[in-house]
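Student: what's the 3D shape of this:
(one chain, ligands or ions: 1)
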Amino acid sequence: MAKESKGKAKKASKGPQPYKAGRPCPKCGPGTNLGAHSNRLACGKCGYTEMTSTEKK
Ligand SMILES: [Zn+2]
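Tutor: Model prediction:
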């Protein structure tokens, strides 16, 4: 019996997104979202950058 409960439980996957895209910028407010990069979030408005260290192992 092959039980694959892992791997096909996400919908609309746009690639590996460790962080939630669309997080509001703490500086600009909830009106501006941070751009999700591979390992950080960056605001294209004020330049705020937040590291999202997901490699904790
Ligand atoms: Zn900002």
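
Student: give me the number of residues near Cys43?
Tutor: The local packing of Cys43 (other C-beta atoms under 10 Å) involves 19 other residues. The way it works is simple: take the backbone N, C-alpha and C, and place the C-beta from them, glycine included.

Student: again, but for the one 3 residues further on
Tutor: As a burial measure, Cys46 scores 12 neighbours (other C-beta under 10 Å).

Student: so what pLDDT did it get?
Tutor: With respect to pLDDT, Cys46 scores 96.

Student: got it, and Lys6?
Tutor: For Lys6, the pLDDT comes out at 65.

Student: in its sheet, what does the longest strand along the chain sit against?
Tutor: Scanning the chain for the strand with the most residues, using DSSP state E, yields strand 29-33. Sheet partners assigned to strand 29-33 using DSSP bridges are listed as strand 24-25 (antiparallel).

Student: please see if the strand it pairs with touches the ion.
Tutor: Yes. Counting by C-beta under 5 Å from the ion, the ion is contacted by strand 24-25 at Cys25.

Student: cool, thanks, talk later.
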